[in-house]
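A.B. asks: below are the sequence and a predicted model for it; my questions follow.
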Amino acid sequence: MSRVYQPPALVVDKSRLPSFAKYKEMHKKSIENPEEFWSEIANEFFWQVPYEPGNFVSYNFDSSQGEVFAKWMEGAVTNICFNILDRNVMNGHGEKVAFYWEGNHPDDYSRITYRKLLDEVCQFSNALRDIGVVKGDRVSVYMPMILETVVCMLACARIGAIHSVVFAGFSSDSLAERVANCEAKVLVTADGAWRGEKLLLLKKTCEDAMLKAKIKYKHTVEKCIVVSHLSRVTPCGTLPDDHKSLYRWNDSVDLWWHDLMEVQSTCCTPEWMEAEEPLFMLYTSGSTGKPKGVMHTTAGYMIYASTTFRYVFDYREKDIYWCTADVGWITGHTYVVYGPLLNAATCVMFEGTPFYPDNGRYWSTVEKYKVNQFYTAPTAIRSLMKFGEEHIKQHELQSLRILGSVGEPINSEAWLWYYNLIGKGNCSIVDTFWQTETGGHVLTSLPGATPMKPGAAGFPFFGVEPRILDDNGRKIEGPGEGNLVFARPWPGMMRTLFGDHRRYERVYFEKFPGYYCTGDGAKRDEDGFLWVTGRIDDMLNVSGHLMSTSEVEGVLTEEPRVSEAAVVSKPHPIKGESLYCFIILNEGVKFDMELIDSLKKRVRSRIGAFAAPDVIHNASGLPKTRSGKIMRRILRKIAMGDTDIGDTSTLADPTVVDKLLQSKP
Ligand code: PRX
C-alpha cells in the first residue's frame, strides 16, 4: 500500500482550504447546489447582463433522450478579456506585473504589467478588426512562447473571434489540416524562434501550410500576421546575416505585427458575448486519426479556469506562479493565460527548454523570480532526474510552496524526487488530471486540504462527480478499477467539436449513456484516492502529447514500400510512452536503415518531431482474429518483450506470434 503524505505544515498555514473536512464541505455544496456554489464566484466578475437566477445550468448527457448539451448561465453576457484586463486594472492591479517573460537565452527577458497588456491587446484587437476579422471568425495561431501570443489570444477573445492555437512543433501538414478544418481567416505567427540551440522557422512552416491548405483542402488564408522575433532575441546559434532569407514575403498576404500595432489606438470596445458563445477551439488527437476541434465557450470556462487556478495552486496576491507548458496545448491556455490572469496573478512565461544553456535552467529561473508555484510535466521531471542533484543544489528553491504535475500519470519515483529534492518535503504536490476537453482540472490533490499519494490524482474538483464503471456500464462502488466517467457537467467542459456535434456525442457520450466518458481507465483505492491508469482507447501519450495510433499508422502506410502498419505504445523511462511500429513490407522490398530513416522522417514531417517512432519492427504478419481485427494486446506484449502472450486461440494464424518474437529488433 502506498504511503500517505499529509499536506506540509507550511502549506496548511497559508492555505485557503486548510483541512480535508473543508474540502469535503465545499465539494458537497458544489454538487448539491451548483447555482449557489458557482454564483458566488461568478459575482466577482463583470457581467454586461447578469445571469438569470434559476437558469444556472441545464444539460443532457444521454443521446437517446435528444441532443447532448451542457449550458451554464444562459442569458448572461460578458467578455473574458474585459474581466482579465479592464476589470483588473479598475481594481487597482494596473501596475502589477502580469508576466515576467524569460527568453530562450538567459540574457533575453522582459516584463509586462496589466495596464500595458490591456493597451497592447486593445491595439491588436483594433488591428484584427481593421483587416476584417469579426465575431465568430477563426484565427489560427502558430506562435512561440512570447508575450505577443498572449496578446493575440486575448485580442481574439476581446472581439469575439475564435482563436485556434496550433502547437508550434506541428509540421506544415498538420498545421494545414487544422487551418483548413476551421477555415481560418487569419494566421498569426513569428518569423522564427530558438528552442535551445535549434532554430524554428515558423513563418516558413506557415507558408508551406497555407499552400497545402489551398491545394489539398481548397482553403485560402486571407492574411498572415508575423511577429518579428528573431531580430530582438540574442541568437543561440548561427543565423544568416540577412535572416529575412529564412522566409519569403508575400505582400498581398503577409503583414508585420509591428506595422499593424503602430497605427492603432489603445482603446477598444469589447464584443459582449453570450455565456454560451464560443471562446476558443483547440485541436486534440482523435482515435480515428482526424483531429477534433474541441470548442470551449465563454462564461463557464471563465469561472472554471479562475476557480481551479485559485484553489489548486492556492494562489495568493503576491505569489509568483510559473507553468512551463506550451501555449499550444490546453495547459498553456487555461494555466498560462486564462486562469492566472483572471486572478490578477503574476506569472513567469518561459520561451526556452529545461536544458539550455544548461540542465539547471528551470531551477535558476525559479531562483531568479522566487517562484512560489511551479507546474510542469512528468516527462520534464524524469528527464531532469537523470542529471543528478548538482544543478539543483546550486539554486535557492525555498520560495516554492506548490509543485504541480500534468499531462500523464506520474510514476512514484519521479513524484518522490519532485517532493524531496525540489520541494524539500515542504511543498504540496498537485497531480492534476484533466484533458483538452475538460477545460480545467477535474481530479487533483488540493494544497493544504487533501493528503497525497505518489502517483494518485486524488480527488474530484468542485462540481465534478466521477464514477468508475465496468465495461458493461455498471457502477463500481468502493475500491476497484474500470472506466473513468463523469456523471454531470462542470462549467469548464467542452460544448461541442467544431463542425461535428455528432462526433462529440459519439466519442464522449455513447459508450456509457448519461455520462461523459474520458477514455481513461482509473482505480479507486481503499482510502478513496483516484488513480488514473492511462488510456483505454487507441491513443498514446508520448511526453504528455496525446496522439492516436491510427494517425501514425496512416502516415507509415503512405510510404509505397509499406503495405500494412500497426502502432502500439511501449513504456519509456523518460517519455512515459513511446511508439513501437510494426510494419509489413510489400513483396521484394528490402528492410534496411534507409527505409527506417525514411519512415521516421515521414512521421516527423507529417505530424511533428514529437511523434517520431522509437522502434520499427519488420513483421512478416500481424496477429489478427478470424474477422481480421488486429489484436493489439498481443502486439503490446511483444513490444515490451513479454513472452507470456496468453491466449492466442482466437487468432487466425497463431504461428505469427512466434515469428514476431523472433524478429524483434
Ligand atoms: O490520459 C490522460 C492524460 O492526458 C490525457 C489528456 O491529454 P490532453 O487532452 O492533451 O491534455 C493534457 C493536459 C491536461 C488524459 O486523457 N493525463 C493528463 N493528466 C494526467 C493524465 N494521466 C494521468 N494523470 C494525470 N495527471
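C.D. replies: Received, thanks.
A.B. asks: all helices of the stretch 551-665 of the chain, in order?
C.D. replies: 593-606, 632-640, 655-662 (DSSP state H, counting those that start in this stretch).
A.B. asks: among these, which is the most enclosed?
C.D. replies: helix 632-640 (a mean of 19; mean count of other C-beta atoms under 10 Å). From N, CA and C alone the C-beta is placed, and that goes for glycine too.
A.B. asks: got the contact list for the closest residue to residue 284 other than its chain neighbours?
C.D. replies: Nearest residue to residue 284, sequence neighbours excluded (C-beta to C-beta, 6 or more residues apart in numbering): residue 436, at 4.1 Å. Counting by C-beta atoms under 8 Å, 6 or more residues apart in numbering, residue 436 makes contact with 282, 284, 294, 329-330, 494, 546.
A.B. asks: so which of the helices of the stretch 551-665 of the chain gets nearest the ligand?
C.D. replies: Among the helices of the stretch 551-665 of the chain, the nearest to the ligand by C-beta to the nearest ligand atom is helix 632-640 (16.1 Å).
A.B. asks: does residue 554 touch residue 290 like I think?
C.D. replies: No: judged on C-beta atoms under 8 Å, residue 554 makes no contact with residue 290 at a distance of 9.6 Å.
A.B. asks: next one: phi and psi at residue 643?
C.D. replies: phi -90, psi -10 (degrees, to the nearest 10).
A.B. asks: residues touching the nearest residue to residue 283 once chain neighbours are set aside, list them.
C.D. replies: Excluding the flanking residues, the one nearest residue 283 by C-beta to C-beta, 6+ apart is residue 291, at 4.2 Å. The contact partners of residue 291, taken as C-beta under 8 Å, 6+ apart, are 174, 177-178, 181, 283-285.
A.B. asks: out of those, which touch the ligand?
C.D. replies: residue 284 (C-beta under 6 Å from any ligand atom).
A.B. asks: among the contacts of residue 291, which lie within helices?
C.D. replies: 174, 177-178, 181 (DSSP state H).
A.B. asks: format those as JSON lines; extra columns: neighbour count and pLDDT.
C.D. replies: Below are these laid out as JSON lines (neighbours: other C-beta atoms under 10 Å; pLDDT from 0 to 100):
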{"residue": "174", "neighbour count": "23", "pLDDT": "94"}
{"residue": "177", "neighbour count": "22", "pLDDT": "96"}
{"residue": "178", "neighbour count": "24", "pLDDT": "97"}
{"residue": "181", "neighbour count": "23", "pLDDT": "97"}
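A.B. asks: for residue 61, list the residues it contacts.
C.D. replies: Contacts of residue 61 by C-beta under 8 Å, 6+ apart are 68, 70, 487-489, 509, 513-516.
A.B. asks: residue 185 now?
C.D. replies: 132-133, 137-139, 221-223.
A.B. asks: filter these down to the buried ones, ChimeraX style.
C.D. replies: If you want just the buried ones from the contacts of residue 185 in ChimeraX, going by 16 or more other C-beta atoms under 10 Å, the selection is:
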select :133,137,138,139,221,223
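A.B. asks: closest one of the contacts of residue 185 to residue 640?
C.D. replies: residue 138 (41.9 Å; C-beta to C-beta).
A.B. asks: for that closest one, give the beta-bridge partners.
C.D. replies: For residue 138, the beta-bridge partners under DSSP bridges are residue 162.
A.B. asks: the ligand contacts on the stretch 1-150 of the chain?
C.D. replies: Near the ligand, when you scan the stretch 1-150 of the chain using C-beta under 6 Å from any ligand atom, you find nothing.
A.B. asks: which strand or helix spans the residue of the stretch 1-150 of the chain found nearest the ligand?
C.D. replies: With C-beta to the nearest ligand atom, the shortest gap between the stretch 1-150 of the chain and the ligand falls at residue 2, namely 15.0 Å. Secondary structure from DSSP states H and E places residue 2 outside every helix and strand.
A.B. asks: wait, it touches residue 452, no?
C.D. replies: No: using C-beta under 8 Å, residue 2 makes no contact with residue 452, being 9.8 Å away.
A.B. asks: more crowded one of these two?
C.D. replies: residue 452 (24 against 15; other C-beta atoms under 10 Å).
A.B. asks: quick check on that one: phi, psi?
C.D. replies: phi -130, psi 150.
A.B. asks: if I pick it, what's in contact with it?
C.D. replies: 4-5, 7, 428-429, 431, 445, 458.
A.B. asks: now, these that are in strands?
C.D. replies: Secondary structure assignment (DSSP state E) places 428-429, 431 from the contacts of residue 452 within strands.
A.B. asks: who wins for neighbours among these?
C.D. replies: residue 428 (30 neighbours).
A.B. asks: my read is that residue 77 contacts residue 276, right?
C.D. replies: No: between residue 77 and residue 276 there is no contact under C-beta under 8 Å: 10.6 Å.
A.B. asks: can you tell me the closest non-neighbouring residue to the residue of the stretch 1-150 of the chain closest to the ligand?
C.D. replies: residue 453 (4.7 Å).
A.B. asks: all strands for the stretch 101-250 of the chain, in order.
C.D. replies: 109-113, 138-142, 162-165, 186-190, 193-195, 198-200, 223-227 (DSSP state E, counting those that start in this stretch).
A.B. asks: how many neighbouring residues does the residue lying closest to residue 372 once chain neighbours are set aside have?
C.D. replies: The shortest distance from residue 372 to any non-neighbouring residue, by C-beta to C-beta, 6+ apart, is to residue 319 (4.2 Å). The number of residues packed near residue 319 is 21, by other C-beta under 10 Å.
A.B. asks: surely residue 319 and residue 346 touch.
C.D. replies: Yes: Residue 319 sits in contact with residue 346 when judged by C-beta under 8 Å, with a separation of 7.2 Å.
A.B. asks: residue 518: which element?
C.D. replies: strand 516-524.
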